[in-house]
Each structure stands twice: as structure tokens, then as C-alpha cells.
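[1] Sequence plus the predicted model coming up.
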Amino acid sequence: MTQFVTTTEMLTLEDYTMNDFDIPQEVLIERAAIAVQEVIGAGSFNLSHILVLVGLGNNGADGIALGRLLHQQGLSVSLQFVGNLNRAKASVHKQLEIAKHCGLHPSEKSDFKEATLIVDAIFGTGLNNPLPEGLQKMMKAANHIDNDVIAIDTPTGINPNTGEVMGAALKAHTTVALGYPKVGLRKNQGRKYCGDLVVKDIGVLTPDTFAFSL
Ligand SMILES: NC(=O)C1=CN([C@@H]2O[C@H](COP(=O)(O)OP(=O)(O)OC[C@H]3O[C@@H](n4cnc5c(N)ncnc54)[C@H](O)[C@@H]3O)[C@@H](O)[C@H]2O)[C@@H](O)CC1
Ligand SMILES: [K+]
């Protein structure tokens with residue numbers, strides 16, 4: 001049976017992996033990106049133009065790394081930041097530098113309708129408040145466009161612990177859960193918004209003695 005986790009449990013396991021085993025965060029981010037790239041490759045998505053919506057935390061960093069891998073595959077990729085880059089985590093700046101070295105630069109506002117596939121890398125397990133109003137509008141508008149959406153880890157706007165919609169949420173065709181799926185994906189609206197749930201190992205380690213709460 002699939003093991004679901006709370007965000008606190010996921011953070012504990014990520015810290016254990018990075019601190020007790022000295023596995024750098026960049027390794028987990030790269031593996032997250034490769035995992036989503038594999039799901040995209042195995043699916044029947046239209047890859048004519050891929051729009052990656054990038055947030056300011058580690059979920060965004062996963063998205064930039066994925067965008068870079070898809071760009072290096074020869075695909076047409078736009079990276080669009082959601083929020084002010086000046087407030088982004090160090091992991092986002094680091095991934096952006098790498099992407100730029102590889103020839104992938106962030107785009108100004110993109111037309112969602114031009115994208116045949118949207119990657120949702122705005123918020124993951126860090127979402128802890130209702131989405132800002134502007135973002136709620138963007139999510140509602142995007143839900144009316146008929147293109148596939150792949151969510152990295154969780155669909156943006158879904159509370160990863162309760163499955164509730166935090167103001168608005170982006171409906172995914174497929175959600176690629178990293179390490180373990182978060183419990184909100186099987187509760188309330190979380191189940192509907194995540195679409196097909198694919199769980200991928202990204203090398204997060206779990207102590208033998210770890211007591212899962214679910
Ligand atoms: N912890 C790690 O080192 C790893 C995390 N990973 C990825 O990182 C994600 C979690 O990353 P983060 O903890 O950085 O969080 P997110 O990237 O989900 O969110 C970024 C930040 O946004 C802020 N925020 C939350 N709700 C908001 C709201 N409504 N309006 C505005 N800002 C808001 C919070 O300060 C949060 O830290 C996971 O879902 C996964 O995709 C993976 O890359 C593996 C490694
Ligand atoms: K996401």
C-alpha cells in the first residue's frame with residue numbers, strides 16, 4: 001500500500017537525508033527533475049511547447065532544473081517566474097544560474113494558450129497560506145484552458161496536509177509526488193486536483209525506526 005506523509009514528516013526525512021548522509025540538496029533537486037522528465041517522456045503529452053511556472057522556493061528550483069533538462073533534450077521551453085525573484089530561495093538562484101549557462105533564460109509573461117504542456121512548479125509542500133489574489137485569478141483562468149498540466153509534488157493551491165483549496169488551485173492532469181505522496185493528495189479536493197498520481201523515488205532516505213503517523 002502506498003505510504004502517504006504529512007509535510008512535517010517529509011521535511012524530517014529530507015533533513016535526515018541531507019544532514020545525516022551529507023547528500024547535497026542539489027542532488028535531490030536534480031533527481032526530482034529527472035523523475036518528472038521521465039514521467040513526461042513516458043506519457044502521451046503534446047510537447048510542442050512547454051511552459052514551466054516557477055515559484056520562489058524549492059518546488060520552483062525543481063521546476064527550473066526540469067526546464068533545463070527538457071531544453072537540453074531539444075524541446076521548446078519557457079520559464080516563467082511567479083512572484084518577485086528578489087525574494088527567491090538560494091536554491092532557485094542556483095538553478096537559474098545553471099539554466100542560463102545551458103542557454104535557458106526566463107521569459108517575460110507567456111501566453112498560457114500557446115503552451116501545449118504546463119509544468120506547475122509554483123508551490124509544493126511549503127504552501128501554508130491562501131494564494132495571493134493575483135495568483136488565484138491566474139490559476140482559475142488556467143483551469144479553463146484545454147492543455148495538460150503536470151504538477152511537481154503537489155498541485156499549487158492544494159493544502160498538502162488537508163487537501164483543501166487555498167483560495168484557488170491549478171488542476172493537474174498528472175501529479176508527480178517526490179519521495180512520498182503528501183496526505184492532502186487523497187483528501188478533500190486534493191484527490192480531484194492531482195489527477196493521476198505518480199510517486200517517484202528521488203533518493204530521500206528513511207530511518208528503519210521511522211514511525212509514520214498515517
Ligand atoms: N527540502 C528540500 O530540500 C527539497 C524539497 N523539494 C521540493 O521543494 C518543495 C518544498 O519547497 P519549499 O519548502 O521551499 O516550499 P515551496 O517551494 O512549496 O514554497 C515556497 C515558499 O513560499 C512561501 N509561501 C507559502 N505559502 C504562500 C502563499 N500562499 N503565498 C506566498 N508565499 C507562500 C513559503 O515561505 C514557502 O517556503 C517540495 O514540494 C519539493 O518539490 C525537492 O526538491 C527535494 C529537496
Ligand atoms: K507544484
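    Great, that's in hand. Ligands and ions are numbered 1, 2, ... in the order given.
[2] For the chain, which segments are assigned as strands?
    50-54, 77-81, 117-121, 148-152, 174-178, 196-200 (DSSP state E).
[3] Who does the fourth one pair with, and is each partner parallel or antiparallel?
    Here strand 148-152 is paired, per DSSP bridges, with strand 117-121 (parallel), strand 174-178 (parallel).
[4] Rebuild those as CSV, extending it with mean neighbour count and distance to ligand 2.
    In this view, the C-beta of every residue, glycine as well, is placed from N, C-alpha and C. Putting those into CSV (neighbours: other C-beta atoms under 10 Å; distance: least, C-beta to the ion, whole Å) gives the following:
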stretch, mean neighbour count, distance to ligand 2
strand 117-121, 27, 4
strand 174-178, 25, 8
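[5] who wins for proximity to residue 57 among the ones you listed?
    Using C-beta to C-beta as the measure, strand 117-121 is the one of the strands paired with strand 148-152 that comes nearest residue 57, at 9.5 Å.
[6] And the average pLDDT for that closest one is what?
    Predicted confidence along strand 117-121 averages 98 (mean pLDDT).
[7] rewinding a little: any chance of the strands of the chain in JSON lines, plus distance to residue 185?
    Supplementary listing: the strands of the chain in JSON lines, determined by distance: least, C-beta to C-beta, whole Å:
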{"stretch": "strand 50-54", "distance to residue 185": "19"}
{"stretch": "strand 77-81", "distance to residue 185": "25"}
{"stretch": "strand 117-121", "distance to residue 185": "13"}
{"stretch": "strand 148-152", "distance to residue 185": "10"}
{"stretch": "strand 174-178", "distance to residue 185": "7"}
{"stretch": "strand 196-200", "distance to residue 185": "6"}
